[in-house]
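1. Build me a structure from this.
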Amino acid sequence: MSISQVMQVMQAASATAIKIALPLLLLSLTIGLIIAIFQAATQIHEQTLTFVPKLLVTASVLIALGSWMMEVMADFTHYVFDLMLTLY
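-> Okay, here's the model as predicted:
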């Protein structure tokens with residue numbers, strides 16, 4: 001396996017990780033920012049106030065996009081196994 005093939009696999013792995021993590025991270029960040037602004041405006045500094053909405057948003061995103069995430073991971077796995085078959 002050459003260095004360029006290794007770099008292609010690493011690039012594909014990084015792109016797959018970003019594709020899967022980006023929706024969860026962006027929505028969690030957005031909800032956290034909205035709640036932080038709300039807490040600053042109302043001077044309510046309760047730690048559970050940020051946890052519960054983030055948990056609900058994360059669960060709903062996983063329910064909505066879970067099948068797409070599994071499809072992306074399956075495509076990457078097929079890519080890696082196909083590449084392994086060409087080595088011999």
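2. Name the surrounding residues that touch stretch 30-46.
-> Contact partners of stretch 30-46, identified using CB atoms under 8 Å, 6 or more residues apart in numbering, comprise 49-50, 53-54, 57. (C-beta placed from N, C-alpha, C; glycine too.)
3. What distance do you get for residue 1 to residue 64?
-> 38 Å (CB to CB, to the nearest Å).
4. can you check residue 35 too?
-> Going from residue 35 to residue 64 by CB to CB gives 21 Å.
5. Quick check on the two: which one has the bigger neighbour count.
-> Under the neighbour definition other CB atoms under 10 Å, residue 35 and residue 64 were set side by side, and residue 35 has more, 18 against 10.
6. starting at the chain centroid, how far to the helix or strand containing that one?
-> Take DSSP states H and E as the rule and residue 35 turns out to sit in helix 3-42. Chain-centre distance of helix 3-42: 5 Å, with CA atoms, centre = their mean, to the nearest Å.
7. next SSE after that helix?
-> Moving on from helix 3-42 towards the C-terminus, the next helix or strand you reach (DSSP H and E) is helix 48-85.
8. low-confidence ranges in this protein?
-> With pLDDT under 70 as the threshold, the chain has low-confidence stretches at 88.
9. and the gap between the residue nearest the centre of it and residue 73?
-> The C-alpha lying nearest the average C-alpha coordinate of the chain belongs to residue 21 (CA atoms, centre = their mean; 1.0 Å). Plainly put, residue 21 is 12 Å away from residue 73 if you go by CB to CB.
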